[in-house]
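Novice: attaching a predicted model along with its sequence, questions to come.
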Amino acid sequence: MSSQASADTLFPSKSVPFFARRDARAHFVVCGLVIAIVAALLIPLMTRGWIPHDEGTLAQSAHRVLIGQLPHRDFDDAYTGGLALLHAGAFRVLGERLASLRIVLLVFILFSIPAFYYIASRFVSAVASGAAVVAIVGWSFTNYAASMPSWFNLLFAAMGCAALMRWRETDRLRWLLLAGVFGGLSITIKVIGFYFVAAALLFLAFQATSTSEDAQRERTLADAIARIVLTIGIVLASVLPFAMMRSAGSITQLMNLAAPATITALFVAAQAMRFGDARAAGRLLKNAAVFIAGVLVPVLLFMIPYLKSGSVSSLYEGVFVLPQKRLISAANGGPPDWSVFLPLLWLAVMLLPWFADQRIGRVGLVAVGLACTAVVAMALFSFETNGLVFLSVAMAELPLVVAGIGLIGRAQWLRGTGIAPIKREYVLLLLAMTAWCGLVQFPFSGPIYFAYVAPLVILSAVAVGSTFARSARAGSIVLATYVMLGLLTHDKFFSVAFVRASLSNEATALLDVPRGGLTIRADEQALYRGLIDTIQAHAKSRFIYVTPDAPEVYFLADRENPTRTLFDFLDDPVRRDQRILRSITDHDVHVVVLNLAADFSGPVPRALHDSLAHRFPVGVRMGRFVIRWEAPNAPLSLAAEKPAAR
């Protein structure tokens, strides 16, 4: 079959809708089966495990919206605020329980599976697309089921990417507008939604400047000006990742996160310099205007309450100023520096077929199969193997981008390669999405944060491998291997990030309190049951004060926060102690809870601790918490037990 015939099979005439293709029935059947498999995998896991302060942040923010407060204006939301509105709606419909938040995420995941499948189906068969989606789920959602904003950033990126592909195939601007809407929704959830917008704009610039029938026409002065403006604009964008990490980024982050994003932008800039002209600039401006209009729709709707209440400045400070504190207080440099060399193996595997004279023979396939089987077997029993396998995927962004960009450039600038232009554009789109959305791992490059980008890494690997690899059979073996690893070893991969195994199979006890519903470790279940009972026995009003970094206590105890703070390190340090003590008085607080093992903010300042101890002289220690209350006639009683292991 000729290369043109292959391209026509993968990308049919624009007049033929996707559901009318000859292979549509197979795709619908496989996609439906994958949705059923994903539901069967996720439903038993959705309420298992927790990180207390994550659940508390999500739940308390949603509760405060439910009682009429506005994120950033009335309390310090850790994110943009859209997720708090969504979760507040879930509380209104499903009830105020932690389990309600998990249901929201499950619904969005199942709704987005067709988008993941559609993206994969543009490169591989129905069965291979289904396998890729199962791998995506195994390497991401099965590991951590909390309804965190970064999951929604990922899901909106996938749906937006699918919409961009559909626009490219149909030329219907409504798909481009829809892609922009997904980008705007992502921003309202968490400001890193701008990463998706950046990647989409790079794709639009690449598509506008791709070689075409008029690429060799005589250039004019307008063409030269357009080319220079396009190139300079994209080059300036390419330095943003390194500029963002200049003061807090580790070597690993610079190599695996900043470099891929910069490389994709520089490649698009190089193409703009070579093929850009006034017509390309016009196409880009038209398409970008439609896309940006879509972005602005949800963003402006989200801003209406702030415009009406004159609190746009509070929104700006909460979304763009306060997060800068996380660069210091919530940073993690990620894997060790030596791990930057692991991707060399990926690069060699992807590029070797281009320098080999023959396909991999049967002996080579058998060797690949045996090696992959051995890796799966070792990963089931070896912590060290788990770590290396995880790093082999977590550090894959740079080699994927280098190999993909190199091969796109070869196909784009050296004619006669037999690769359809639209397919090159799709590969660039996925590489840009992976590279820019992968910046979610900065400043906290822990294993869980890689889960937020792993699906895009897998899709990029499928795209690069299916488009450019000369041995599809070997690639299928490797894909099957990572499907098995994702499904069989996910707990091991991600439990290494946490000393307490809250996300592992040790989660066996139901948090059976009115606002619970999650299955957690038995010792934590006993701790929070005792904590809640004690608070309810001594709290004489709706308000208690908890510090530092334990917002889950407010929610589980069904008590209000007298301050605007969720995490203490985000609070304004100027006269902070006086403000807290005044809030305690104004809100008639009778119980305070001190967290002795805060994850981010450090211990309670000595002056504030002494003031609280003087005002609330009676206390009891429970695990990592000390509860104090007003009881003048009772003796001081602090239990001597050690804090619970974290």
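Specialist: Yes, it's here.
Novice: next up, phi/psi of the residue lying closest to residue 536 once chain neighbours are set aside, please.
Specialist: Leaving out its chain neighbours, the residue that sits closest to residue 536 by CB to CB, 6 or more residues apart in numbering is residue 557, at 6.6 Å. To be clear about C-beta, it is placed using only N, CA and C from the backbone, and glycine gets the same treatment. Per-residue torsions, residue 557: phi -80, psi 0 (degrees, to the nearest 10).
Novice: ok, residue 557 touching residue 534?
Specialist: No. Counting by CB atoms under 8 Å, residue 557 sits too far from residue 534 to count as a contact (9.3 Å).
Novice: tell me which of the two has more neighbours.
Specialist: Legend: neighbour count by other CB atoms under 10 Å for residue 557 and residue 534, higher for residue 557 (22 against 18).
Novice: need the pLDDT of that one.
Specialist: Looking at residue 557, its pLDDT reads 95.
Novice: now it: how far from residue 457?
Specialist: When CB to CB, to the nearest Å is the yardstick, residue 557 and residue 457 sit 40 Å from each other.
Novice: number of nearby residues for residue 603?
Specialist: 13.
Novice: brain fart, residue 537
Specialist: Residue 537 - counted by other CB under 10 Å - has 10 other residues nearby.
Novice: one more: the one 10 residues further on?
Specialist: When counting by other CB under 10 Å, one arrives at 23 neighbours for residue 547.
Novice: hmm, it is touching residue 566, no?
Specialist: No. Assessed by CB under 8 Å, residue 547 is found out of contact with residue 566, at 10.8 Å.
Novice: list residues touching both of those two?
Specialist: With contacts defined as CB atoms under 8 Å, 6 or more residues apart in numbering, no residue is adjacent to both residue 547 and residue 566.
Novice: any weak-confidence spans in the stretch 351-500 of the chain?
Specialist: Where the stretch 351-500 of the chain drops to pLDDT under 70, the residues are 351-369, 371-372, 375-376, 379-380, 382-387, 412-419, 444-445, 468-500.
Novice: those helices in it, which residues are they?
Specialist: 362-381, 383-394, 397-413, 421-437, 447-451, 454-468, 472-488, 490-495 (DSSP state H, counting those that start in this stretch).
Novice: kindly report the same for the stretch 101-250 of the chain.
Specialist: Along the stretch 101-250 of the chain, counting by DSSP H, counting those that start in this stretch, helices occupy 126-138, 149-170, 173-189, 193-208, 221-238, 240-244.
Novice: residue 396 is nearest to which of these?
Specialist: Nearest of the helices of the stretch 101-250 of the chain to residue 396, taken as CB to CB: helix 126-138 at 13.1 Å.
Novice: which parts of that closest one are buried?
Specialist: Residues of helix 126-138 classed as buried: 126, 128-138 (neighbour count, 16 or more other CB atoms under 10 Å).
Novice: and that helix, what does it pack against?
Specialist: On a contact count with 3 or more CB pairs under 8 Å, 6 or more residues apart in numbering; DSSP states H and E, helix 126-138 meets helix 24-42, helix 98-121, helix 454-468, helix 472-488.
Novice: just want the angle from the first one to helix 98-121.
Specialist: Translated: helix 24-42. 150 degrees (axes from the mean of the first three to the mean of the last three CA atoms, to 10 degrees).
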